[in-house]
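# one predicted model, sequence on top.
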Number of protein chains: 6
Amino acid sequence: MRVDGREPLQLRPIHIETNYLMHPEGSVLISVGNTKVICTASIEDRVPHFMRGEGKGWITAEYSMLPRATETRNIRESSKGKVSGRTMEIQRLIGRALRAIVDLSAIGEKTVWIDCDVIQADGGTRTASITGAFVALTLALNSLAEKRSFSKFPITDYLAATSVGILSGGKVVLDLNYAEDSKAEVDMNVVMTGNGEFVELQGTGEESTFSYDQLQGLLHAAQEGLMELFEQQKAALGEDIIKKIESRRKK
Amino acid sequence: MRVDGREPLQLRPIHIETNYLMHPEGSVLISVGNTKVICTASIEDRVPHFMRGEGKGWITAEYSMLPRATETRNIRESSKGKVSGRTMEIQRLIGRALRAIVDLSAIGEKTVWIDCDVIQADGGTRTASITGAFVALTLALNSLAEKRSFSKFPITDYLAATSVGILSGGKVVLDLNYAEDSKAEVDMNVVMTGNGEFVELQGTGEESTFSYDQLQGLLHAAQEGLMELFEQQKAALGEDIIKKIESRRKK
Amino acid sequence: MRVDGREPLQLRPIHIETNYLMHPEGSVLISVGNTKVICTASIEDRVPHFMRGEGKGWITAEYSMLPRATETRNIRESSKGKVSGRTMEIQRLIGRALRAIVDLSAIGEKTVWIDCDVIQADGGTRTASITGAFVALTLALNSLAEKRSFSKFPITDYLAATSVGILSGGKVVLDLNYAEDSKAEVDMNVVMTGNGEFVELQGTGEESTFSYDQLQGLLHAAQEGLMELFEQQKAALGEDIIKKIESRRKK
Amino acid sequence: MRVDGREPLQLRPIHIETNYLMHPEGSVLISVGNTKVICTASIEDRVPHFMRGEGKGWITAEYSMLPRATETRNIRESSKGKVSGRTMEIQRLIGRALRAIVDLSAIGEKTVWIDCDVIQADGGTRTASITGAFVALTLALNSLAEKRSFSKFPITDYLAATSVGILSGGKVVLDLNYAEDSKAEVDMNVVMTGNGEFVELQGTGEESTFSYDQLQGLLHAAQEGLMELFEQQKAALGEDIIKKIESRRKK
Amino acid sequence: MRVDGREPLQLRPIHIETNYLMHPEGSVLISVGNTKVICTASIEDRVPHFMRGEGKGWITAEYSMLPRATETRNIRESSKGKVSGRTMEIQRLIGRALRAIVDLSAIGEKTVWIDCDVIQADGGTRTASITGAFVALTLALNSLAEKRSFSKFPITDYLAATSVGILSGGKVVLDLNYAEDSKAEVDMNVVMTGNGEFVELQGTGEESTFSYDQLQGLLHAAQEGLMELFEQQKAALGEDIIKKIESRRKK
Amino acid sequence: MRVDGREPLQLRPIHIETNYLMHPEGSVLISVGNTKVICTASIEDRVPHFMRGEGKGWITAEYSMLPRATETRNIRESSKGKVSGRTMEIQRLIGRALRAIVDLSAIGEKTVWIDCDVIQADGGTRTASITGAFVALTLALNSLAEKRSFSKFPITDYLAATSVGILSGGKVVLDLNYAEDSKAEVDMNVVMTGNGEFVELQGTGEESTFSYDQLQGLLHAAQEGLMELFEQQKAALGEDIIKKIESRRKK
């Protein structure tokens, strides 16, 4: 039994509240257990310098935590005057992952800015950000699609992320909370499409290592959780948008 | 009639949700119309360098907006690597205002960090921050008080803030939303204690000016609104805490 | 009696030396008692990005202190690599105040840079800066006007600033020096036009508060001082420029 | 056949020159094909603040490229005044990986600073850095060990890294050069110990995805290359050090 | 004849106003023609980290220009967030030069901060800064000496600086103003002690070169000017301080 | 006898390895004793903003040290987020010196970026950088010349630099290593052209001074060393390039 009473391969309760804010083209408040992230998608009518003239869009992400999202208060990165290595790593991951399921040539020379702001943290903030950002992005692009801006719906598949890990003693668990994460021997984040293909795989055994067999166990656990996350995303997006995505999915 | 149908001296609907987050010692989500701010109070067991050894506490505030709290996305101050003049002005105001109603010698050598993070902006974000931060601060100090840390309750009066302004045509209005604020000829923020004394008064007539008589009209309007805000704060804090504050108020 | 022998509503000696430096279009060295500020106005033939194409001018201000303007040496903001909140607040105030008495559409797409550099500080540096900057700005715009650049003289009224405060014991005083300022219970800066209209009003009662009646006393004291400051500005500017300003003043 | 004539699972020529510099406790120049990295290990007699008093050591890494290590000149990060997200990600990876094969409690309260400076880049700079840094680190700790500073030799296993990828058309290849890397559909970095256990696994399919079966092919290719890299490291370190490492390896 | 009517080896008019500011331990306003610099010396009761416990003092210098000291306005270094290479070079030069004529062990563990703020620039700002800073430094150390803090007077000789150059056509000139400096083929700054020994010699022929014979001519010209500068410094310091310096000078 | 057995006016062994890196247009690894610097020259097809439209080229230099080029590790300037005063002074010197022997109008609107990265430091890094950078620059411009880009060969003379100093006891020595440099009373860097004309002369007597006669001794020593350095540069460049330079030299 886990510290919060869950089974090894059981996700924490998921809640996705869509259109959470009035200004962004797409927004959600996603809760994964006690982890809560506001994800917004903002559309800008131009692309970065290095992409001008190619007729394609771009997706970029930023990630931040409120200072008191955590047990002890963190100094704001704006006060420090620089963004930490951890933050940069996470925002590069979020952007890269989302670009894998968007047909960038279908959206024209537009940039979608994804902002993931963690208001409460209890482990798994980067995977909750990806799972929530997918929904915010889809809502934003759908609202553009409804104004007939696109010839094809630009989202080509579902995308979600979760964490898996090996606790001391060797037990493989799904969706680690902060207490588990800080003691795990191995920690792996898996980003997957609705078709079950990998987009990102990041496994780390700080001060520890893992074998080929353990890797297989981790991948299996992740897949279990991701299938449930796709169902939650579909429920949040609704029938109409599901149909548009299905029209673009490879079978 | 105003753009959103209010009377000239009518506040927007107020909602204060206490204990909004799990980690901070005190936290609220305050809504003033569409303006929404998460206010947290975090207690640290030391004071800044310049105050060590005086046996007194300190209160400091930080203010920020989510990038998409506004109609168009703002660049994060952490990405720019520096905090804007507007942000600094607001966080200095919040800290200074709160220190006026706290008996710093009653809390010992502790710092209370106030964080006001605007998640949705529609005018009046600095005054909503002060009104909400007062509640978060009181909750945090009350939780310390319940552990018998203090000989006297450190909050000595209520504190709230609102804006008043003069629209083109000369009409005095209370609690301006963004559409009104951006067109107002004169804009004034008033911070007041429960006893009706001024803590801060900041009136500005950019590209305009205001007379002594108009000033009196603005002060009257502000007082109307502030009395209602004190009632909302009391409702959020509850009877038990009200009694403790009343025990410290000058009559 | 005050610490330096002044009456409660008496200003310190004022001296305004015009054309203090050889390069700027307008410059003064203003002394208010021991507070000394070099104010310059520099004209640039373009406006900031956000104002291009509107056919209007812009006025922006910067403020700084020499490291040893004060009793103990301050670290340069250039060495720290960032500008303090206090500095930002002051330079925003100076720019906003000056824009209230300039007809920006009369100067075309030009920026006036105001630089206020405090070489010796003894309280009231921000109000001395505004009072001096008004003269430097007027001299700079007059030199442009003499080259027939403008159809109308762009200065529409006088502008000066002073401080008022309440000392412990409740006495209202005008033009506080540093010793008074650091012990005052209430501190208020008032920026006013020659017509007696308010441009900015910033009253603060850090660790203290002030009543409606005290506010009236402060406003009265400020007005006394400001009338004398306008006379000093007129003496520094001379008859010729006074006539041009009078031609634009509302009666 | 690959662009440089290699077989799919063939590494580029490896050269490891030990004691390349006179000052560092350990240093190598590692060449992997045309990719050349100077790796140094510097020992400091204290640990970071957060680790004081635990009796354990720490290992931290920094990574940089000479401006003209690449085809077109890059702006120095010191001139930009900040370190890029890519650099931070790489230096966090190098430090984390090395800590997995060091018995930190065996080295006492010392920090080993690893510096990886790429002087010529042709793909695979982060994996060459890890492979070279392992040798520099081992040399530095061995020189300390020879002064009898340690009760146990602190290196507990070999550590090397390589890249594998899937080229368009689906061919799995080992040790991608820059030309291959910039066109690969999937790119994976694998860090492994001499015992064949994973330390880090980072697979990315930007604008692409990969299946479970493809993942198995990539892992197999990586293992081939890593076995050869361990042989090169042993040849560089020499018999004496190999014996010390073997004494700590788990069988 | 030179552009301002001077003979080739004639200095511009020098004026040194001592005790120019009320707060610093030593201060001057030095004018060298139209170049005007405020030099202050501030004494701090500790030395930098790297010198603690050696029983010796330290002297460090900072240099800055007001934004409108020059013909066109310069952006403040505090606004840019960094200090330019030119500024750093100058402040390192000033500090190094002054340390050559101070007996650091005679002042104990104190730091003297020299601040040179150029309020008007017309060439030769760095040499005017050194010449003025010597006087400010001597005044500050003398005021300490009068409180019997030192066993020996810490100033061991006079120190002044000037520029010499070669104009196009080959004419050697002394004390170049801005118009001459910007067209000179060779520019040399010479810092010398009262005994005629060199402290710093910095000759530069940007886009040009100079021969051994020309060098001798430049050195001769510099010596002429420096002798006159020492007389000006003595006049500013007065008999009493001159005697103290003479007691320390090597004959 | 000197610490490393050299005669007073003997250079350390020099080695210049040309075309050291594959990407830059020109590159060398220069060794002066144990001091080793990688110098590269990169050509960019545009000039800085302030030079556009003049039809001339520009040369700019950057200098850096690997963190462990020195006895104790230095913090990277990219980590500190700013470049030190020493670094700025050196890179300004390198750029200025090289511009003296390049006919900028012969290279058209191109910028040559010189990068000097010290991989091992034992005194004299700035003079080794200049001596090596001259070769890298010449190689780069020659490779352009071979594509017939220039009407005239743009290098107009040789350029090298060395240091001379006065050790305690008064002995004049050539080419100081780190041990000598850190104890020298006077330190002078001399940059000279092949024709024996001075380009830069920087003599410093920190905490010491030097007489006119000592200066003559230093200049003589420098000239001895520079003549040998020109021979080394010629050997590295080869007959073909020597002829091109000779065609531009003033006799």
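Great, that's in hand.
# mind listing what the residue lying closest to residue A:105 once chain neighbours are set aside touches?
If the residues on either side of it in the chain are set aside, residue A:105 comes closest to residue A:56, at 4.9 Å by C-beta to C-beta, 6 or more residues apart in numbering or on different chains. Backbone N, C-alpha and C define where each C-beta goes, glycine included. By C-beta atoms under 8 Å, 6 or more residues apart in numbering or on different chains, the contact set of residue A:56 is A:47, A:104, A:105, A:107, A:108, A:109.
# name the SS class of the third one, please.
Meaning residue A:105. helix (DSSP: H, G, I helix; E, B strand; the rest coil).
# mind checking pLDDT for it?
We have a pLDDT of 93 for residue A:105.
# surely it touches residue A:55?
Yes: Residue A:105 lies in contact with residue A:55 (C-beta atoms under 8 Å); the separation is 6.6 Å.
# does residue A:233 touch residue A:135 like I think?
Yes: using C-beta under 8 Å, residue A:233 is in contact with residue A:135, at 5.7 Å.
# which secondary structure state does the residue nearest the centre of chain A sit in?
Centroid-nearest residue in chain A, with C-alpha atoms, centre = their mean: residue A:130, separated by 0.7 Å. Secondary structure for residue A:130, judged by three-state DSSP, is helix.
# could you pull up the residues touching it?
Going by C-beta under 8 Å, 6+ apart, residue A:130 touches A:93, A:94, A:97, A:98, A:159, A:160, A:161, A:191.
# and of the residues you listed, the nearest to chain F?
residue A:93 (22.7 Å; C-beta to the nearest C-beta).
# can you tell me which residues contact that closest one?
A:126, A:130, A:189, A:191, A:200, A:202 are the contacts of residue A:93 under C-beta under 8 Å, 6+ apart.
# what strand or helix carries it?
helix A:85-99 (DSSP states H and E).
# what does residue A:242 give?
Counting by DSSP H and E, residue A:242 is part of helix A:239-246.
# hmm, who's touching the helix or strand of chain A at the bottom of the mean pLDDT ranking?
Between all helices and strands in chain A, the lowest mean by mean pLDDT, DSSP states H and E belongs to helix A:77-80, at a mean of 83. Applying C-beta under 8 Å, 6+ apart, the external contacts of helix A:77-80 come out as A:64, A:83-84, A:87, B:62, B:64, B:76-78, B:80, B:82-83, B:87.
# same check on stretch A:238-251?
Residues contacting stretch A:238-251 (C-beta under 8 Å, 6+ apart): A:103, A:138-139, A:142, A:145, A:152-153, A:155-158, A:194-195, A:234, A:237.
# 10 Å - rerun?
With contact meaning C-beta atoms under 10 Å, 6 or more residues apart in numbering or on different chains, stretch A:238-251 is reached by A:18, A:101, A:103, A:106, A:135, A:138-139, A:141-142, A:145-146, A:150, A:152-158, A:193-195, A:197, A:233-235, A:237, D:209.
# quick check on those residues: which are buried?
Neighbour counting by 16 or more other C-beta atoms under 10 Å in any protein chain shown classes A:18, A:101, A:103, A:106, A:135, A:138-139, A:141-142, A:145, A:150, A:153-158, A:193-194, A:197, A:233-234, A:237, D:209 among the contacts of stretch A:238-251 as buried.
# return the subset of the residues you listed lying in helices.
A:135, A:138, A:139, A:141, A:142, A:145, A:233, A:234, A:237 (DSSP state H).
# so which of those is the closest to residue C:11?
Closest approach to residue C:11 among these (C-beta to C-beta): residue A:139, at 61.9 Å.
# what about the spatially closest residue to that closest one that is not a sequence neighbour, distance to residue A:197?
The shortest distance from residue A:139 to any non-neighbouring residue, by C-beta to C-beta, 6+ apart, is to residue A:26 (3.4 Å). Separation of residue A:26 from residue A:197 (C-beta to C-beta, to the nearest Å): 24 Å.
# quick revisit: and the helix holding residue A:93, how far out from the chain's middle?
10 Å (C-alpha atoms, centre = their mean, to the nearest Å).
# what are the C-alpha coordinates of it, in CSV please?
Written as CSV, here are the backbone C-alpha positions of helix A:85-99 (Å, rounded to 0.1, in the frame of the first residue of the first chain):
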residue,chain,number,x,y,z
GLY,A,85,18.1,25.2,-15.0
ARG,A,86,15.2,23.1,-13.8
THR,A,87,12.7,25.6,-15.2
MET,A,88,14.4,25.8,-18.5
GLU,A,89,14.6,22.0,-18.8
ILE,A,90,10.8,21.7,-18.1
GLN,A,91,9.7,24.4,-20.5
ARG,A,92,11.8,23.0,-23.3
LEU,A,93,10.3,19.6,-22.7
ILE,A,94,6.7,21.0,-22.7
GLY,A,95,7.2,22.8,-26.0
ARG,A,96,8.9,19.9,-27.7
ALA,A,97,6.3,17.4,-26.6
LEU,A,98,3.3,19.5,-27.9
ARG,A,99,5.0,20.2,-31.2
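# returning to what we had before: show the buried residues in the contacts of helix A:77-80.
Buried, going by 16+ other C-beta under 10 Å: A:64, A:83, A:87, B:62, B:64, B:76, B:77, B:78, B:82, B:83, B:87, out of these.
# would you agree the fifth one is in contact with residue B:115?
Yes: the pair residue B:64 / residue B:115 is scored as a contact, 7.8 Å apart, by C-beta atoms under 10 Å.
# overlap of the contact sets of those two?
The contact lists of residue B:64 and residue B:115 share A:66, A:67, A:76, B:91, where a contact means C-beta under 10 Å, 6+ apart.
# backbone dihedrals for the residue in chain A that chain C sits nearest to, please?
Per C-beta to the nearest C-beta, residue A:81 is where chain A lies closest to chain C, at 7.0 Å. The phi and psi values for residue A:81, taken as degrees, to the nearest 10, are phi 80, psi 0.
# done for today, thanks.
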